[in-house]
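In: generate a structure from the sequence data that follows.
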Amino acid sequence: MKVFKFGGASVRDAVGVRNLASVLTHFQQDELIIVVSAMGKTTNALEDVVWRYTQGQNVDDRVDALRSAHLAVLTTVAPAHATAKAELVLQFDRLRTLLANPRSADVDRDYDQIVSFGEIWSTVIVSACLSEAGLAHTWVDARTVVRTDALYRSARIDWTASAPCAASVWAAVGGSPRRMVTQGFIGLGPDGMTTLGREGSDFSAAIFAYLLDAESVTIWKDVPGMFNADPKRFPDSRLLSHISYREALELSYFGASVIHPRTLQPLQKKHIPLYVRPFADPGAPGSVIDDSSDSDSLIPSFILKPNQLLISITPHDLGFVVEENLGAIFALFAQRKVRIDLMQNSAVAFTVSVDDTPRARGLIQELRGSYQVRYNDGCELITVRHFDEPTLARLTEGRDVLVEQRSRLTARFVVK
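Out: Now for the predicted structure:
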């Protein structure tokens with residue numbers, strides 16, 4: 001059995017949904033679990049609904065727009081599928097009922113209850129399209145399998161509870177070969193729906209693969225595979241045809257956006273290879289990620305993260321930055337949910353680079369209650385794996401280097 005994951009760009013419109021069905025025709029004899037994200041931009045639109053709802057604003061027009069857009073796609077890809085239309089209308093009615101209730105005291109919980117509808121809607125449409133194309137399958141609610149804790153917006157998997165659920169659900173899928181359509185991104189916690197974090201559908205595919213011992217996972221993207229740099233910014237970027245789990249995890253941690261960072265660990269544990277392939281060309285080789293590290297150092301990879309704040313934190317009395325200071329500082333970062341992208345310390349200063357967000361700006365003000373805090377905004381964080389000097393010189397040419405770090409494999413710069 002193989003796990004296929006299709007992201008929001010793959011199903012952003014009727015053409016994309018039909019192309020998904022076309023891709024599956026190349027795998028007529030394979031047993032498949034097909035994990036689907038919300039249609040392109042739907043999650044963003046639902047996030048807007050969440051913020052307006054939690055502020056007491058009317059959101060009927062936004063829900064109406066989403067309903068019309070999804071029904072239009074369904075009508076195009078499966079015009080005669082009355083059952084799917086009824087199910088889609090029912091799901092929108094459930095959202096309206098939810099939004100008619102008073103908001104809770106926990107905005108993150110409200111977020112998960114609302115935003116998780118996007119994946120349900122998309123899979124109803126994909127399922128109808130596959131039926132129209134004669135591809136037999138079973139639609140499954142991922143929440144019957146993926147059990148989590150109650151950490152809303154970034155739920156942690158309860159692997160022990162999920163394992164028997166996965167086995168039971170997969171055993172009940174009929175057909176030969178068996179095919180199952182389900183959702184990424186969502187799960188079920190002790191008190192209702194949860195989500196796994198933005199771009200969490202990659203992780204969902206890995207969860208199903210791990211629980212059911214899949215042969216492989218393929219993430220179908222709108223790019224030919226993983227590249228050593230962003231092709232939109234670097235026309236001479238090169239395809240990484242084969243890298244290791246460790247290398248892919250490092251690149252994801254440093255900010256590469258092709259693979260969700262949580263995806264790789266469950267696959268590595270069971271040695272399940274991960275393929276990144278283009279949905280526009282199902283025959284293209286794409287990239288493979290597995291145990292082998294033989295090709296990791298062949299091509300320098302570089303990741304650029306714009307809109308960074310470089311924050312320098314110093315005790316008021318210019319005392320040493322010691323463990324007690326760092327413990328208190330890290331606690332504040334954790335409480336504010338501000339992720340540190342780079343850190344460096346001297347005798348009297350602790351310096352970090354973080355995304356420039358309202359949370360980070362608020363954290364600066366909070367830190368100023370106990371420390372001297374200075375910052376530079378408008379920075380960019382450059383990370384180069386398996387670097388060589390010509391690459392570093394090219395990337396930093398004409399830039400003011402504020403922080404530089406080097407290890408045996410990785411060079412990092414904060415620049416203006």
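In: and the helices in the protein?
Out: Using DSSP state H, the helices of the chain run over 14-24, 42-54, 60-77, 82-100, 107-115, 117-132, 159-172, 201-211, 245-254, 264-269, 323-336, 358-367, 389-396.
In: of all the ones you listed, which lies closest to Thr144?
Out: helix 159-172 (5.9 Å; Cβ to Cβ). For the C-beta atoms, the positions are set from N, CA and C on the backbone; glycine is no exception.
In: in the closest one, what's buried?
Out: Within helix 159-172, the residues that qualify as buried are Ser162, Cys165, Ala166, Val169, Trp170, counting by 16 or more other Cβ atoms under 10 Å.
In: so the second one sits against Ala142, correct?
Out: Put plainly, it is Cys165. No. Taking contacts as Cβ atoms under 8 Å, Cys165 lies outside contact range of Ala142: 10.2 Å.
In: hmm, back to that, adding distance to Gly192, write the helices of the chain out as CSV.
Out: Converted to CSV, the helices of the chain look like this (distance: least, Cβ to Cβ, whole Å):
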stretch, distance to Gly192
helix 14-24, 28
helix 42-54, 15
helix 60-77, 20
helix 82-100, 10
helix 107-115, 6
helix 117-132, 13
helix 159-172, 15
helix 201-211, 18
helix 245-254, 29
helix 264-269, 24
helix 323-336, 24
helix 358-367, 25
helix 389-396, 46
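In: can you pick out the most distant pair from the buried residues of helix 159-172?
Out: Going by Cβ to Cβ, the pair spanning these furthest: Ser162 and Trp170, at 12.0 Å.
In: got the domain boundaries for the protein?
Out: 2-222, 301-415 (automatic domain parsing).
In: tell me the residue furthest from the middle of this structure?
Out: Asp317 (42.4 Å; Cα atoms, centre = their mean).
In: residues contacting that residue?
Out: Under the criterion of Cβ atoms under 8 Å, 6 or more residues apart in numbering, Asp317 has no neighbours.
In: now do Arg62
Out: Ala45, Asp48, Val49, Arg52.
In: give the buried subset of those residues as a PyMOL selection command.
Out: Burial among these is assessed by 16+ other Cβ under 10 Å; the matching PyMOL selection reads:
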select buried, resi 45+49
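In: adding pLDDT and distance to Gly369, write the contacts of Arg62 out as TSV.
Out: Formatted as TSV, the contacts of Arg62 follow (pLDDT from 0 to 100; distance: Cβ to Cβ, whole Å):
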residue	pLDDT	distance to Gly369
Ala45	97	38
Asp48	97	33
Val49	98	35
Arg52	96	32
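In: between the contacts of Arg62, which is closest to Thr123?
Out: Here the nearest of the contacts of Arg62 to Thr123, counting by Cβ to Cβ, is Ala45; it sits at 17.2 Å.
In: surely the closest one meets Leu66?
Out: Yes. Ala45 lies in contact with Leu66 (Cβ under 8 Å); the separation is 5.9 Å.
In: and the residue farthest from the centre of the chain, how far is that from Thr54?
Out: 42 Å (Cβ to Cβ, to the nearest Å).
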